[in-house]
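# Turn this into a structure:
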Amino acid sequence: MKKSMPRKLVSFAVIAALGVGGYLTYNKYNGNKAEAVTYQASEVQRGRVTSQVTATGTLQPRVTVQVGSQVSGRILELHADFNTEVKKGQLLAKLDPKLLDASVLRSKASQTSAQASLGKASALKNDAYTKYKRAKALAAKKLVAQAEVDSAWASYQSAKASVTSAWADLQQAKAALDQSKTNAAYATVISPIDGVVISRSVDVGQTVAASLSAPTLFTIAENLTKMEIHTSVAESDVGKVAPNQRVNFTVDAYPGERFNGVVKQIRYSPKTESNVVTYDAVVEVENKELKLRPGMTANVTFIVAQKRDALLVPNAALRFRPSAEVMAKVAPPAEAAPARRPRTAQNATGKRPEMTDAQRAERRKRFQARRNKASKERTIWLLDETGMPKPVKVTVGITDGSVTEIVKGDLEQGAKVIIGTGKGAGKTKPAARGRGGNRRGGRGGRSRSFL
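Model (predicted):
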């Protein structure tokens, strides 16, 4: 009994080893066989696609004038309020003129005094000239000394200079009077343009001080039926925006309504915020119904390009790449590289021949053209009748971030392009019809052109 136990253990170990070996062998040849790859496909369709750049901006009147006061004083009267339509020259406000009128009277008195001083100086000059002539005549008859003639001449010159000084004082007094009258006129604030008052900063009885700068009393918009949007366009997108380009935008006040505009100007001055460089693109907007108000935030969409009845594929189809094993089976073998041209006698030394500026420019132009063409050439994969991927070379056009236009290639409407692998192989997803991509604005808008 004791001898049979070790035999049983040995037999059990041998059976277990054979079982494990058989299991591993089965898994190697059958159990670990890769599952068949399933593909998700989408049909190629025709539709409209729009390439665009999005940004945010602020609505502003095209012409805004800040009306201030050049003199200090207390507000005595107000003749305009918020939303008041005003005409050029219309009275807006009036300051208390008492101190200004007193200044005018003081300047008038100074002018009268200066006028009198000029008359006195003129009389003294005439008297000095008479004395000089008498002394000169007596000196000719040897009746007075020459020193008396010289003294009379000096007195005459001094009186003449006093007249000039008095005349200058009179001119200064006149200027002071004109200034006082001008300041008194500034006590009445008038509108410089036709427009609408969009801001009022003072009330009756309030004192304004214009010692250092002119305080703003009113802000007037010239014409609210014509407005502008100042947008911040990112530096990566500013090359796609151009004057006279069409623009669509929305505002939060009317979420279901879309407004139109035209790009007026792209300003060269950059703005840098948080290491993000943006440029101000000015958009002209018609506001005939006066729905749009200054200060509203606009979500702007710049229409870069638009195509109707274009052949469209999902962007996922352009990003799809099958596994290396599949590519080795279905992709055509790579073409052999063309043999290099032998060196000519001119460049046998290894030195490049000299090129003119025109030749360099033409060479750069050709290189850039080849580079642009290569960036438009892509490979997409079709699902053939056997369920296997089939590569197709295509040339892409514009994109809205969801679908891309196919401008060249062996591709027809209704063809199934592979967009991924995994579950849902038997379900063909329709391609999203291009209708403008992202509708959500953002600061320093970004174009929806990622493939």
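# Report the helix of this structure that spans the greatest number of residues.
Among all segments of the chain classified by DSSP state H, the helix with the greatest residue count is helix 98-140.
# what's downstream of that one, the next helix or strand?
Under the assignment DSSP states H and E, the closest C-terminal helix or strand after helix 98-140 is helix 146-185.
# In this structure Thr64 contacts Ile220, no?
Yes. Using C-beta atoms under 8 Å as the test, Thr64 is close enough to Ile220 to be in contact (7.2 Å). (C-beta placed from N, C-alpha, C; glycine too.)
# Name the residues contacting each of the two.
Taking C-beta atoms under 8 Å, 6 or more residues apart in numbering as the contact rule, the neighbours common to Thr64 and Ile220 are Ile198.
# the more surrounded of those two?
Here Thr64 and Ile220 are compared on neighbour count by other C-beta atoms under 10 Å; more neighbours surround Ile220, at 24 against 15.
# so where is this protein shaky, pLDDT-wise?
Flagging of the chain using pLDDT under 70 yields the residue ranges 1-36, 330-353, 367-375, 422-451.
# Just list the residues touching the spatially most central residue of it, thanks.
When C-alpha atoms, centre = their mean is applied to the chain, the residue found nearest the centroid is Asp280 (1.6 Å). For Asp280, the contact set (C-beta under 8 Å, 6+ apart) comprises His230, Thr231, Ser232, Val233, Ile266, Arg267, Ser269, Lys271.
# Next, give phi and psi for the residue nearest to the third one when sequence neighbours are not counted.
When you say that, I think you mean Ser232. The shortest distance from Ser232 to any residue other than its chain neighbours is 4.0 Å, reached at Thr278 (C-beta to C-beta, 6 or more residues apart in numbering). Summarising the backbone geometry of Thr278 under the convention degrees, to the nearest 10, its torsions are phi -130, psi 160.
# Adjust the sequence numbering to begin at 859 for everything that follows.
Got it, first residue is 859 now, which makes that one Thr1136.
# I'd like to know how many residues surround Thr1136.
Counted with other C-beta under 10 Å, the burial measure for Thr1136 works out to 20 neighbours.
# can I assume it is in contact with Ser1094?
No. In this structure, Thr1136 is not within contact of Ser1094 by C-beta under 8 Å, at 10.1 Å.
# Quick one: neighbours of Gly977, just the number.
A total of 12 residues lie near Gly977 under the criterion other C-beta under 10 Å.
# can you tell me the helix or strand for Lys1146?
Counting by DSSP H and E, no helix or strand carries Lys1146.
# Would you agree the residue nearest to the centre of the chain falls within a helix?
No. Counting by DSSP: H, G, I helix; E, B strand; the rest coil, one finds Asp1138 to be strand, located in no helix.
# That one pairs with what?
Per DSSP bridges, residues listed as beta-bridge partners of Asp1138: Ser1090.
# Relative to Ala1034, how far out is Ala1068?
If you measure Ala1068 against Ala1034 using C-beta to C-beta, to the nearest Å, the figure is 19 Å.
# What of Pro919?
Between Pro919 and Ala1034 the distance is 40 Å, computed by C-beta to C-beta.
# distance of Ile1256 from Ile1264?
11 Å.
# Tell me which of the two has more neighbours.
Summary of the neighbour comparison: Ile1256 and Ile1264, criterion other C-beta under 10 Å, with Ile1264 having more neighbours (23 against 19).
# Doesn't that one lie inside a strand?
Yes. The assignment for Ile1264 (three-state DSSP) places it in a strand.
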